[in-house]
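Engineer: Fold the following.
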Amino acid sequence: MASVRVKAFAAGLAADAIRGAIPTESELAEAELFRPEDGAAVVRELERLADELLAESLRLESL
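Structural biologist: Predicted coordinates for the structure are as follows:
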């Protein structure tokens, strides 16, 4: 089992990775997979996941 510090670090890295993977509007348009509202939903969900991981990282660091 990983230590709390390792989990906190990993969660922070994952949050950063997700934020770095959020597509730009032009990338979403080029993908031609989404309606405009679907692209916005994708961005919101990625931001939500990153926020959740960052919150978990901060929680673990405070232990």
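Engineer: Tell me, how many residues neighbour the closest residue to Lys7 other than its chain neighbours?
Structural biologist: Once flanking residues are discounted, Lys7 sits nearest to Leu60: 5.4 Å by CB to CB, 6 or more residues apart in numbering. Every C-beta, even on glycine, is put in place using the N, C-alpha and C of the backbone. Using other CB atoms under 10 Å, Leu60 has 18 other residues around it.
Engineer: repeat for Arg44
Structural biologist: Neighbour tally, Arg44, other CB under 10 Å: 11.
Engineer: Would you mind measuring from Val6 to Gly12?
Structural biologist: 11 Å (CB to CB, to the nearest Å).
Engineer: Compare those two (neighbour count), which wins?
Structural biologist: When neighbours are counted by other CB under 10 Å, Val6 and Gly12 differ, and Gly12 comes out ahead with 17 against 11.
Engineer: Show the pLDDT at the residue nearest to Lys7.
Structural biologist: With respect to pLDDT, Leu60 scores 93.
Engineer: Report the contact partners of it.
Structural biologist: Going by CB atoms under 8 Å, 6 or more residues apart in numbering, Leu60 touches 4-5, 7-8, 11.
Engineer: Distance of it relative to Ala50?
Structural biologist: From Leu60 over to Ala50 the distance is 16 Å, taken as CB to CB.
Engineer: Equivalent analysis for Ala17, please.
Structural biologist: With CB to CB as the criterion, Ala17 and Ala50 are 9 Å apart.
Engineer: The protein: helices as residue ranges?
Structural biologist: Using DSSP state H, the helices found in the chain span residues 4-21, 25-31, 36-61.
Engineer: Name the helix or strand of this protein that has the lowest mean pLDDT.
Structural biologist: Sorting the helices and strands of the chain by mean pLDDT, DSSP states H and E puts helix 25-31 at the bottom, at a mean of 83.
Engineer: Remind me what it packs against, helices and strands.
Structural biologist: helix 36-61 (3 or more CB pairs under 8 Å, 6 or more residues apart in numbering; DSSP states H and E).
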